[in-house]
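**Student:** My questions are about this predicted structure, shown below with the sequence.
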Amino acid sequence: MKMKKANIIEKAFLISWPVTIVVSLIIFIVTSNSNLMVSYILGVASVLMMQSLNYRVMKDLYKNNPTKIKSRTIWLYIARFIFYGVILYVVYGSDKWNMYYTLAGLITFKIVLVVITLIFANKGDDSDEIWATLTYLA
């Protein structure tokens, strides 16, 4: 897939993995603690999994059944935050993992998405998608 043909959200998914690898390596090099690195990766993997599910469901609904978008958006939003709550609860109860690094992993995708959106807003590319992406962030 060429980057030019991918939409902003897909670009954010593609760029999130290299960002995750670099940040994970920095965490490990600075702290020499693999548990902190795993905590961060757990957060990133969780958010990427849930955002991928959200993206695929919404893309399918937009094409096949646009009347159900509003109700599915609400249910997916609730499911995402319940899942994130369970992840943070498990990490909080663990002696090995760090909740702050997991939380940082959970917000990594949003940070990457905002940066990608701002980059493409400045280039003038995909102007309709920029508003859709900002709506996706909410």
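**Tutor:** Nice, I can see it.
**Student:** confidence score at Ser94?
**Tutor:** What the model reports as pLDDT for Ser94 is 88.
**Student:** any idea how far it lies from Tyr101?
**Tutor:** Look at Ser94 and Tyr101: by CB to CB, to the nearest Å, they are 12 Å apart. In this view, the C-beta of every residue, glycine as well, is placed from N, C-alpha and C.
**Student:** where does Tyr108 fall, phi/psi-wise?
**Tutor:** That one is not Tyr; residue 108 is Thr. Torsion angles at Thr108 (phi, psi; degrees, to the nearest 10) stand at phi -60, psi -40.
**Student:** Neighbours of the residue lying closest to it once chain neighbours are set aside, how many?
**Tutor:** Leaving aside its sequence neighbours, Thr108 sits nearest to Val44 (CB to CB, 6 or more residues apart in numbering; 5.2 Å). Applying the criterion other CB atoms under 10 Å, we find 25 residues in the vicinity of Val44.
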